[in-house]
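Colleague: Next comes the sequence, and after it the predicted model I'd like to discuss.
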Amino acid sequence: MKPHLLLFVTLFVTVTTTNLVLSSHSSPTPNSGRKIPDNNTIYRVSKQLCWGCIGESIQFLFAHNMVRAAKWELPLIWDFNLENYAKWWAGQRQSDCALVHSFPEFGFKLGENIFWGSGSNWTPPDAVRAWADEEKYYSYSTNTCAFGEQCGHYTQIVWKNTRRIGCARVVCDSGDVFMTCNYDPPGNYIGERPY
C-alpha cells in the first residue's frame, strides 16, 4: 500500500473509531477511570454502521481525490450529512433504478452526480471513472464541452471550490446498481472554469 493511502486509511479509521467511542454511552472500567462502551452500546452502534458502506465511502473518496490530484485541486473530505442525504436519495431510486434523473431544483443547494449500471457488480471506482472519463470532451481553453457530449460530472468532481462529498450505492430491486454523490459547495457555474 502506498504511504499516502496508508496514512489516509489510518487517519480515517482513527477518527471513525474515536468518534464511535466518544459518542457512545459507556461505563467506567475498574481502577482506570476510562470509559468503555457497554454491550448495549456496542450492539446499537454496530447495527447503525454499514461496514461495507465504510469501505465504499473510502473508495468513493479516494477515487474522487485521485481525479482532483491530477489537476492539483485540494482533496475532498467525507461529509456524513451528505452521505445520509445520498443514502436517502439512493433509497428512493432502489425500486426503479433505471429512472436516473436528478432531484428537482426546489432550491437544491448541492452538486450531484448519479450513475446507473446494469447488473450488481458496479463499484464506486466504476462510477467515478465513468464521470471522470468525460474529461476527454472538456476543453479548458474554451471552457466548453464537445457538442452532444456531457462534461458536467467531470467538472463537478474537479470543481475548485468544492470541499465536501457524500455518496451512496444501492443494489436495486432489479439487480442493477444506482450510485449518487453529493458535493458541497456545488460546482458547474456557467461562465466559470472548474480549476
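Modeller: Received it, and whenever you're ready, just let me know what you need.
Colleague: Settle this for me: P75 is touching A69, isn't it.
Modeller: Yes - with contacts counted by C-beta atoms under 8 Å, P75 reaches A69, the gap being 7.2 Å. Any C-beta I mention is one placed from the backbone N, CA and C, and that applies to glycine too.
Colleague: now F60, what's its secondary structure?
Modeller: helix (DSSP: H, G, I helix; E, B strand; the rest coil).
Colleague: Does it touch Y183 like I think?
Modeller: No - counting by C-beta under 8 Å, F60 does not reach Y183; the two are 11.4 Å apart.
Colleague: Quick one: neighbours of the closest residue to Y140 other than its chain neighbours, just the number.
Modeller: Nearest residue to Y140, sequence neighbours excluded (C-beta to C-beta, 6 or more residues apart in numbering): R193, at 6.8 Å. Using other C-beta atoms under 10 Å, R193 has 12 other residues around it.
Colleague: same question, G91
Modeller: As a measure of burial, G91 has 12 neighbours, counting by other C-beta under 10 Å.
Colleague: and if you look at W88?
Modeller: W88 has 11 neighbouring residues, counting by other C-beta under 10 Å.
Colleague: Ramachandran coordinates for it?
Modeller: Backbone torsions of W88, given as degrees, to the nearest 10, read phi -60, psi -50.
Colleague: isn't R169 right up against V128?
Modeller: No - the pair R169 / V128 is not scored as a contact, 11.3 Å apart, by C-beta under 8 Å.
Colleague: Could you pull out the strands in this protein for me?
Modeller: Under the criterion DSSP state E, strands of the chain are mapped to 26-28, 35-37, 77-78, 111-117, 138-139, 144-145, 164-171, 177-184.
Colleague: what residues does the fourth one touch?
Modeller: Where contact means C-beta atoms under 8 Å, 6 or more residues apart in numbering, the residues beyond strand 111-117 that reach it are 97-98, 100-103, 122, 126-127, 130-131, 153, 156-157, 159, 162, 176-188.
Colleague: Show me the shaky parts of the protein.
Modeller: Along the chain, the model assigns pLDDT under 70 to residues 1-53, 98-108.
Colleague: Now for the closest residue to G187 other than its chain neighbours, how many residues are close by?
Modeller: Nearest non-adjacent residue to G187, counting by C-beta to C-beta, 6+ apart: W159, 2.7 Å away. Number of residues near W159 (other C-beta under 10 Å) recorded here: 24.
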